[in-house]
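> fold the following for me, if possible:
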Amino acid sequence: MSLNIPNTLTWMRIALIPLFVGIFYLPDGWMTVLQQNQLATLIFIIAAVTDWFDGYLARALGQTSAFGAFLDPVADKLMVAAALILLVQLARVDAIIAVVIIGREITISALREWMARVGESSSVAVAYVGKLKTAAQMTAIPLLLYNAPLLSIDLRFIGGVLIYVAAVLTLWSMGYYLHRAMPRLARHGDK
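Numbers count the residues shown, from 1 in each chain. Sure, this is the predicted structure:
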């Protein structure tokens with residue numbers, strides 16, 4: 001395992017997850033609900049920015065590694081899954097939305113792992129629809145975590161719409177990746 005700046009940032013992102021979740025389990029009176037929401041939103045945004053920043057630094061500093069390529073998406077999926085589960089518990093997201101998004105992440109991660117093992121990883125490389133899904137999801141989650149109007153803008157409503165958009169794009173992107181992989185799956189399935 002190489003410990004460089006990008007990988008350190010990724011590990012820090014993973015370390016933020018228990019802090020992020022723990023905010024909602026503090027004893028009554030330690031923080032108001034609004035303070036919990038604001039702090040959770042801030043931590044999630046820091047994690048999202050760190051995700052972009054560690055990838056940028058890995059490329060800019062020439063510090064890309066196989067371990068970093070493995071760890072970075074794992075950190076992303078853990079943070080998103082933790083946020084979605086919290087949002088379900090807080091009754092801000094329907095469970096079916098969380099199941100669709102988390103289930104897709106597990107399915108596509110497994111597909112990518114298998115395709116890499118058979119030398120076909122390029123067929124399930126990140127596509128534009130996947131980037132749209134990520135943008136919708138990473139915008140919706142902080143809005144739903146914040147859960148309050150801001151400057152007379154109903155962030156809950158916008159976040160709610162965007163999480164449904166993310167769910168639709170999630171299914172669309174999963175179908176796209178599975179469709180792309182199907183010929184390879186058929187070719188390698190009996191080996």
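
> what's the neighbour count on the nearest residue to Y164 once chain neighbours are set aside?
Spatial nearest neighbour of Y164, chain neighbours left out: I97 (7.0 Å); criterion: CB to CB, 6 or more residues apart in numbering. Every C-beta, even on glycine, is put in place using the N, C-alpha and C of the backbone. Using other CB atoms under 10 Å, I97 has 19 other residues around it.

> just I108 next, same as before
I108, neighbours per other CB under 10 Å, totals 22.

> what about it, distance to R187?
From I108 over to R187 the distance is 19 Å, taken as CB to CB, to the nearest Å.

> ok, the residue nearest the centre of the chain - contacts?
The centroid of the chain falls nearest to V80 when counting by CA atoms, centre = their mean (3.9 Å). Neighbouring residues of V80 by CB atoms under 8 Å, 6 or more residues apart in numbering: I101, I102, E105, Q137, M138, I141.

> kindly reformat the residues you listed as a markdown table containing secondary structure, distance to I14 and pLDDT.
Below are those laid out as a markdown table (DSSP: H, G, I helix; E, B strand; the rest coil; distance: CB to CB, whole Å; pLDDT from 0 to 100):
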| residue | secondary structure | distance to I14 | pLDDT |
| --- | --- | --- | --- |
| I101 | helix | 19 | 95 |
| I102 | helix | 17 | 95 |
| E105 | helix | 16 | 89 |
| Q137 | helix | 19 | 94 |
| M138 | helix | 17 | 93 |
| I141 | helix | 17 | 96 |
